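Asks: after the sequence you'll find the predicted model.
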Amino acid sequence: MSAGTRPGLPMDVLARVAAAQRHPLLFATISGAHLYGFSSPDSDFDLRGVHILPVRDVVGLIEGDETIESTQVVDGLEIDLVTHDAKKFFRLLLRRNGYVLEQLLSPLIVQTTPEHEELKRISRGCLTRHYFHHYAGFAETQWKLFIKEDPPRIKPLLYLYRVLLTGIHLMRSGEVEANLVQLNEVYRLPQVADLIAAKTSGMEDSRLAVGGIEFHAQEYRRLLGVLESSAAASALPEQTSAQGELNDLLIRLRCGVPESDLRS
């Protein structure tokens, strides 16, 4: 079931791509720069989701694909599709993987099911303070990407600020917010607004103006410290409480077992 049209996004095209997949989808959402709030005019569309392998592809000697990836051009749009089988996706959630958490909770919904809504509810029990490690590690990767280029691109710098603020916000509020525009309404970093304006009005490989790298280096170190202190003070639990519910949901999805049978 499609979530309907979203202004400015080609939801009909993306819905056709999702509907053409060979395995049933638990959900399909938009991730990447469109979710993060800084897509350029030439940005591709990152379509992410969960597929459900049939039982024969899980228990037999010939195993189905846990991850399906494709890049295609449809109606002039470049679409990058990645879906994981439900079992792999659930395991990633339990391993504090922020990528899949943000894909699950993306408000840009291309295809959904009642079980998608159930999974979003269950995912609350996956949130622990250890998601700090995902966001700190992702920030380090983006900083290395930023400084290795001359002149440096704006894109990895925006990803750096995005993941740091998403991590800080999660540690402080217990809520997942992946959109940098929305985050900056809370944290109000002037340089972020300027970078978003430059990226969204330019092209995907827009470059940073000469100078300013040391300022961003200081901000990186400062925000990483804020993320660390926010994790230390976070009210999020140490351990996940969602494994049992995820296990039951997976069995129902895979085998069609009624929920009442699992609880009898």
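Replies: Noted; the coordinates are in hand.
Asks: run the chain-centre distance for the helix or strand encompassing residue 196.
Replies: Element membership for residue 196 (DSSP states H and E) is helix 190-201. Taking Cα atoms, centre = their mean, to the nearest Å, one finds the center of helix 190-201 at 21 Å from the center of the full chain.
Asks: elements contacting it?
Replies: Applying 3 or more Cβ pairs under 8 Å, 6 or more residues apart in numbering; DSSP states H and E, we find helix 190-201 packed against helix 154-173, helix 180-187, helix 213-232. In this view, the C-beta of every residue, glycine as well, is placed from N, C-alpha and C.
Asks: please redo it, this time with the cut-off set to 7 Å
Replies: helix 154-173, helix 180-187 (3 or more Cβ pairs under 7 Å, 6 or more residues apart in numbering; DSSP states H and E).
Asks: what average pLDDT does that helix get?
Replies: Taken as a whole, helix 190-201 has an average pLDDT of 91.
Asks: can you list the low-confidence ranges for this protein?
Replies: For the chain, residues meeting the criterion pLDDT under 70 lie at 1-7, 203-205, 209-211, 257-264.
Asks: tell me the helices in it, going along the chain?
Replies: Here the chain has its helices, by DSSP state H, at 11-19, 32-36, 56-59, 86-94, 98-105, 114-122, 131-147, 154-173, 180-187, 190-201, 213-232, 243-255, 259-262.
Asks: quick one: contacts of the third one?
Replies: With contacts defined as Cβ atoms under 7 Å, 6 or more residues apart in numbering, helix 56-59 is touched by 63, 64, 254.
Asks: filter those residues down to just the buried residues.
Replies: 64, 254 (16 or more other Cβ atoms under 10 Å).
Asks: coming back round to it: got the CA coordinates for the helix holding residue 196 in PDB?
Replies: C-alpha atoms of helix 190-201 as PDB (Å, rounded to 0.1, in the frame of the first residue of the first chain):
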ATOM      1  CA  PRO A 190      24.500  29.200  11.500                       C
ATOM      2  CA  GLN A 191      27.100  27.300   9.400                       C
ATOM      3  CA  VAL A 192      24.600  24.400   8.900                       C
ATOM      4  CA  ALA A 193      22.000  26.700   7.400                       C
ATOM      5  CA  ASP A 194      24.600  28.200   5.000                       C
ATOM      6  CA  LEU A 195      25.900  24.700   4.000                       C
ATOM      7  CA  ILE A 196      22.300  23.500   3.300                       C
ATOM      8  CA  ALA A 197      21.600  26.600   1.200                       C
ATOM      9  CA  ALA A 198      24.800  26.000  -0.900                       C
ATOM     10  CA  LYS A 199      24.100  22.300  -1.400                       C
ATOM     11  CA  THR A 200      20.400  22.500  -2.300                       C
ATOM     12  CA  SER A 201      20.900  25.300  -4.800                       C
END
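Asks: and it, which residues are buried?
Replies: Neighbour counts using 16+ other Cβ under 10 Å place 192, 195, 196, 198, 199, 200 of helix 190-201 among the buried residues.
Asks: tell me the two of those residues that are most distant?
Replies: Farthest apart among the buried residues of helix 190-201 by Cβ to Cβ are 192 and 200. That separation is 12.2 Å.
Asks: name the residues of stretch 52-72 that are buried.
Replies: Buried, per 16+ other Cβ under 10 Å, within stretch 52-72: 52, 53, 57, 64, 66, 68.
Asks: for stretch 75-88, same thing?
Replies: 79, 81, 82, 83, 84, 85, 86, 87, 88.
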